[in-house]
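# sequence unknown, structure follows:
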């Protein structure tokens, strides 16, 4: 149940619906960004991020900076690679193209390993690529928001550590952190970048990321200075370390209201075992994917092992247009998203199912989404073959 | 009067106290960043920024991006200068040093023209500097938050246009936009960068900036690509133009809640003539500066013409330490800021007086601040000589 004003329910793959208490934290009275009360809240928030990433290694480093999720690409490209470095970008949709653009901005040389739409690069192809060149880092989009394809991280990381042990393992977790299992230390990851407005359940405006001690050491041994000022580890690492030690310090003014909201959201997430949260996302995802199959529709990600738990990308029937269906669903009070993958954007829609809509069953969000989709398709003239 | 929970009143030079309606907008229910309702709000916000800058030239360009005020330096350094370009940085305190660092990050060569603490570079010195070298742009900190020094923009801009007409005039207005007069078009400015949490009166988390058609043309004629990805005009200009035309588009997810709060705050600001707002800030500033003088204290900015309207930086009496006075003021329910200029940080304090604390006299904030300062100094053993 929600105390928010009546509004269409948001089922796009981010921003998601937010919990009342999180939204309430957004209107926190103004505080000094270097005052003890706020510094304590920021410090606790960083400590909770360690738990969210299931990380206990004290050499690892959480980072929270005002910005969009996109800023995470700059954080990686400007700090963890140097001009001229080769990097391997695993491609499962729109976001790998953009990450590659970001690397090029900083003089880093990306090689993309592309999968067919709805699939992901296979381990044997990745092994082959890693053996061909020395890569400073490899990037993988954990869940590609444009296709709903889930990448497997644990075996990938094992492979990289085995075949090319100096290569850093970088995860774009914008659409996965908070709804897909991530064991940062155990899986040997070096960086996960994400944003606040998806499964973490806090309004947009925060770039959230997490780095291994190895990644930080790699930064410290750079031969060239970082390629960005606002995204520079040199500027931010001391600030984050001070906040976590509850000491005031200043590089750029953080957003106290957003940090309060993130604190509230992480407190809620960590109030039950993470395993239960991930299991609930998986169960709800299965329910939605079953409903999609029952309607006779296909997902972009055809292999169940490649399907994300927090979103579903669905091919439209041939006679149904997204430009008709989405507004019709909007009138029923549910907002779905259109396609984003350039090659097939008009041919599919995307449904997000993350956070409070999944965890707070009393809201009835999921049933509402499934029912609206069925009725909307029927009204659009679609009948299961 | 405010409906917010009891809390110490914030008199630091940003973040400031926020109006109830602005904070309420921060907890707006979740919306799609590409849905018609939010796109309309973002578009109106950009249109209101044109009015805030008193600009009617359709070739000028407002920009609102998730980030801290600091991101504005990257926007300028990565888009309006190219590697190898010479730029002239007028120095009135801490922030010019940082802006210069930012230029160096992007391969741009800053020359700093430094004034004594509490003063600003004089027009004849600036003219001399402009004649010595060809500068791509000149930067001026309108109000240096570390010293409370106000720079004069109109005559400066006239001088630059006269002596070095190709040089872009760039204003760091983080601590001035919303409380100091700025006539963007009339004064021939090329960029003003600012942030949400000072005199604009919206919580931190937005980098807000404004560019002349000439600045945009200068960007378009670059020989090298922009030096940043997240701060790239190439990525953001089409998005801002689309939002203002009420067309959805996507580069990085904006923060709908912060944009709603900015919309509310700008609506309030523009509800009376800007001239009244600036006059009220000047009147309240005079009141505070008179109280400071009555206490027998001196400002860092000794020349009245160089004194900001939105903040005051005050030298402490010899026997009073900021580390004692600030916590004692905190106990009286008012939060002032310590010194920030590296050379003299322990010797002075800073008081912000911007936004709702100035405009909503019913809150009684200003009287509270003045009284607390007098009592706090007395309790610290200070007596006027």
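Alright, I've got the coordinates. This is a predicted model, so every value here is computed, not measured.

# from here on, just use CA atoms for contacts and neighbour counts.
Fine.

# check the gap between residue A:350 and chain B for me.
From residue A:350 across to chain B, the span is 13 Å (CA to the nearest CA, to the nearest Å).

# what's the answer for residue A:371, then?
20 Å.

# over to residue A:224?
According to CA to the nearest CA, residue A:224 stands 10 Å off from chain B.

# residues from the stretch 101-250 of chain A in reach of chain B?
Within the stretch 101-250 of chain A, the positions near chain B by CA under 8 Å from any CA of the partner chain are A:101-102, A:105-106, A:203-205, A:225-230.

# max pairwise distance over the residues you listed: which two?
When CA to CA is used, the two most widely separated members of these are A:203 and A:225, lying 32.4 Å apart.

# who has more neighbours, those two?
residue A:203 (33 against 16; other CA atoms under 10 Å in any protein chain shown).

# just checking, that one touches residue A:195?
No: contact criterion CA atoms under 8 Å: residue A:203 and residue A:195 do not qualify, at 9.2 Å.

# so what's the residue nearest in space to the middle of chain A closest to, chain neighbours aside?
For chain A, the residue whose C-alpha lies nearest the mean C-alpha position (CA atoms, centre = their mean) is residue A:174; its distance is 1.5 Å. The spatially closest residue to residue A:174, leaving aside those adjacent along the chain, is residue A:194, at 3.9 Å (CA to CA, 6 or more residues apart in numbering or on different chains).

# C-terminal to the helix or strand containing that neighbour, what's the next element?
Under DSSP states H and E, the secondary-structure element containing residue A:194 is strand A:191-195. Taking DSSP H and E as the definition, the helix or strand that follows strand A:191-195 towards the C-terminus is strand A:206-211.

# that following strand pairs with which strands, and in what direction?
Here strand A:206-211 has these sheet partners by DSSP bridges: strand A:61-66 (antiparallel), strand A:191-195 (antiparallel).

# pick the most deeply packed of those strands.
Among those, the stretch with the highest mean neighbour count (mean count of other CA atoms under 10 Å in any protein chain shown) is strand A:191-195, at a mean of 29.

# so how far is that strand from its chain's centroid?
When C-alpha coordinates are averaged (CA atoms, centre = their mean, to the nearest Å), strand A:191-195 and its chain have centres 7 Å apart.

# same deal with stretch A:15-33?
Using CA atoms, centre = their mean, the distance between the centre of stretch A:15-33 and that of its chain works out at 20 Å.

# now distance to residue B:113 and mean pLDDT too, for the strands paired with strand A:206-211, in JSON lines please.
Written out in JSON lines, the entries for the strands paired with strand A:206-211 read as follows (distance: least, CA to CA, whole Å; pLDDT from 0 to 100):
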{"stretch": "strand A:61-66", "distance to residue B:113": "31", "mean pLDDT": "98"}
{"stretch": "strand A:191-195", "distance to residue B:113": "39", "mean pLDDT": "98"}
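
# who wins for proximity to residue B:20 among those strands?
strand A:61-66 (22.7 Å).

# so the following helix or strand past that closest one, near chain B or not?
Sequence-wise, the next helix or strand downstream of strand A:61-66 (DSSP H and E) is helix A:71-79. Yes: Helix A:71-79 lies in contact with chain B when judged by CA under 8 Å from any CA; the contacting residues are A:71, A:74.

# got the angle between helix A:71-79 and strand A:191-195?
Using axes from the mean of the first three to the mean of the last three CA atoms, to 10 degrees, the interaxial angle of helix A:71-79 with respect to strand A:191-195 works out to 150 degrees.

# could you give the mean pLDDT of helix A:71-79?
Helix A:71-79 shows a mean pLDDT of 98.

# give me the nearest residue to residue A:69, chain neighbours excluded.
Once its chain neighbours are removed from consideration, residue A:69 has its nearest residue in residue A:195; the separation is 4.5 Å (CA to CA, 6+ apart).

# for the one you found, give me its contacts.
Under the criterion of CA atoms under 8 Å, 6 or more residues apart in numbering or on different chains, the neighbours of residue A:195 are A:68, A:69, A:174, A:204, A:205, A:206, A:207, A:208, A:209.

# any idea how far it lies from residue A:84?
28 Å (CA to CA, to the nearest Å).

# can you list contacts of stretch A:115-130?
With contacts defined as CA under 8 Å, 6+ apart, stretch A:115-130 is touched by A:88, A:90-93, A:113-114, A:147-151, A:156, A:159-160, A:163-164, A:300-303, A:306.

# may I see the PyMOL selection of the buried members of these?
In PyMOL, a selection of the buried entries from the contacts of stretch A:115-130 looks like this (16 or more other CA atoms under 10 Å in any protein chain shown):
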select buried, chain A and resi 88+90+91+92+93+113+114+147+148+149+150+151+156+159+160+164+300+301+306
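
# chain A: strands as residue ranges?
Under the criterion DSSP state E, chain A carries strands at the ranges A:9-10, A:61-66, A:86-91, A:109-114, A:137-141, A:143-144, A:149-150, A:168-172, A:191-195, A:206-211, A:311-315, A:334-335, A:337-338, A:348-352.

# quick one, domains of chain A?
Partitioning chain A according to the TED database yields domains covering residues A:7-15+A:272-378, A:19-268.

# count of neighbours near residue A:380?
Counted by other CA under 10 Å, the residues lying close to residue A:380 total 15.

# repeat for residue A:363
Neighbourhood size, residue A:363 [other CA under 10 Å]: 14.

# try residue A:229
27.

# then the one 5 residues further on?
Burial of residue A:234, expressed as a neighbour count using other CA under 10 Å, amounts to 16.

# from chain B, how far off is residue A:154?
Distance of residue A:154 to chain B, computed by CA to the nearest CA: 28 Å.

# thank you, goodbye.
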